[in-house]
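Participant: Have a look; sequence and predicted model below, questions after that.
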Amino acid sequence: MTSFLEKVAGKNRTSSANRAKERLHLVLVHDRTDLSPEDLRSLKDRLIAVISDYVQIDAGQTEIQIETDGREQTLIANIPLKSPRSRH
Amino acid sequence: MNGKVVTITSGKGGVGKTTTTANLGIALASTGDKVVCIDSDIGLRNLDVVMGLENRIVYDLVDAIEGRCRTSQAMIRDKQFETLFLIPAAQTRDKNAVSPSDMVRLCDALREELDWILIDSPAGIERGFRNALAPSDEVLVVTNPEVSAVRDADRIIGLVEAEEKGPAKLIINRINPGMVKRGDMLSADDVVELLAVKLIGIVPEDEAVLVSTNHGSPVVLNEKSRAGQAFADIAKRLKGETVPWMDLDEKDGFFNRIGKMISGGS
């Protein structure tokens, strides 16, 4: 449990250091890949369009994100397929 | 002799590259190693004043590279340490006066005579940085626990990797333990986690750094200074020694001590 003094001193979830860390994490992910959040959204839309030409997918549940492991970054796409039975 | 070329760089300006270079140079030379510090920030010469050698300059880096003097003539001997030298930057030229291959040639010659060649890189990612990186065997990236410095350090670390000069090692300069405790400054752990590189030094914020720079006598010579101690530790790590990390909490602020008393430690 956080002590009263720690709370007074601002050592909680929303401390400015935590905020800095979160912001930096996001900035570095995009700096390292040279891929802006806007690019990533556009990539996702085009990916959905291409895959949909071959198989039915759940566009609303599709997720694309960059995962970081050390200085290595991986583009992860999670694309749920619609089961054939759910087709009309 | 087969000297090692160490480049000290940062991306962002003002984080402490020159201070780090001067202090590492002295710490290494104080054990008898032969050391030359090269100021590669052409047009913005600074290492000379930090080392207190500004009145002894005759020839500079560009003079040596363009053959107006022998390399040994551009090497200014330190006031205190016989085995420490400075090659100052040219003040009236620009960065294009030197090329990366010039630096490789110069450092290859210096390797024969010295144990350590420390290159103080200019800020930025342009020609001056490329010059400082080209001859490097080991790269030290200096940063501060602050968003813009960490972001620039990440960029530099990536560029060092791309040039196959990595992995760079990290120096976190000007950590304020009290602010870290209050949650108002990124901790060394935070910075290392974000940048995902190996740490070689954590230097606490210390007024003694400015005071000693005023005198032109780097802080590592002040045995009472914690920053001085931290720089001495980095020099030992560069030499391959295992040095325990300094306890940054030693100088707790008043509220932290009261807090510890109330919460019974931790």
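Facilitator: Yep, that arrived.
Participant: can you give me the offset of the helix or strand harbouring B:Arg174 from its chain's centre?
Facilitator: For B:Arg174, the element it lies in under DSSP states H and E is strand B:169-175. Centroid separation for strand B:169-175 versus its chain: 10 Å, with C-alpha atoms, centre = their mean, to the nearest Å.
Participant: what do you get for stretch B:6-17?
Facilitator: 7 Å.
Participant: where are the low-confidence patches of chain A?
Facilitator: For chain A, the stretches with pLDDT under 70 are A:1-13, A:85-88.
Participant: Minimum distance to chain B, which residue of it gives it?
Facilitator: Nearest residue of chain A to chain B: A:Ser15, at 2.9 Å (C-beta to the nearest C-beta). (C-beta placed from N, C-alpha, C; glycine too.)
Participant: What about that residue, how many residues nearby?
Facilitator: 17 (other C-beta atoms under 10 Å in any protein chain shown).
Participant: hang on, it packs against B:Met185?
Facilitator: No. Using C-beta atoms under 8 Å, A:Ser15 is not in contact with B:Met185; the gap is 9.5 Å.
Participant: Identify, by residue count, the longest helix of chain A.
Facilitator: helix A:16-33 (DSSP state H).
Participant: In chain B, what residue comes closest to chain A?
Facilitator: Closest point on chain B to chain A, by C-beta to the nearest C-beta, is B:Gly183, at 2.9 Å.
Participant: any idea how far A:Ile76 is from A:Ala59?
Facilitator: A:Ala59 sits 17 Å away from A:Ile76, going by C-beta to C-beta, to the nearest Å.
Participant: separation between the residue of chain B closest to chain A and B:Glu66?
Facilitator: Using C-beta to C-beta, we find B:Gly183 at a distance of 53 Å from B:Glu66.
Participant: B:Arg93 too?
Facilitator: Distance from B:Arg93 to B:Glu66, by C-beta to C-beta: 9 Å.
Participant: Which of the two has more residues huddled nearby?
Facilitator: B:Arg93 (16 against 13).
Participant: ok, the more buried one - contacts?
Facilitator: Shown in contact with B:Arg93 (C-beta atoms under 8 Å, 6 or more residues apart in numbering or on different chains): B:Ile42, B:Gly43, B:Val62.
Participant: List, out of those, those positioned next to chain A.
Facilitator: When contact is defined as C-beta under 8 Å from any C-beta of the partner chain, the contacts of B:Arg93 do not meet chain A at all.
Participant: Now which of these would you call buried?
Facilitator: Buried residues within those, counting neighbours by 16 or more other C-beta atoms under 10 Å in any protein chain shown: B:Ile42, B:Val62.
Participant: ok, B:Ala134 - contacts?
Facilitator: B:Pro100, B:Ser101, B:Met103, B:Val104.
Participant: need the residues of chain B near chain A, please.
Facilitator: Counting by C-beta under 8 Å from any C-beta, chain B sits next to chain A at B:146-147, B:150-151, B:154-155, B:157-158, B:161, B:180-187, B:190, B:194-197, B:255, B:258-259, B:262-263.
Participant: Helix, strand or coil: sort out A:Thr14 for me.
Facilitator: coil (DSSP: H, G, I helix; E, B strand; the rest coil).
Participant: List phi and psi for B:Pro135.
Facilitator: phi -90, psi 0 (degrees, to the nearest 10).
Participant: Relative to B:Thr18, how far out is the closest residue to it other than its chain neighbours?
Facilitator: Spatial nearest neighbour of B:Pro135, chain neighbours left out: B:Cys107 (3.6 Å); criterion: C-beta to C-beta, 6 or more residues apart in numbering or on different chains. Per C-beta to C-beta, B:Cys107 is found 19 Å from B:Thr18.
Participant: Looking at the two, which one has more neighbours?
Facilitator: B:Thr18 (27 against 22).
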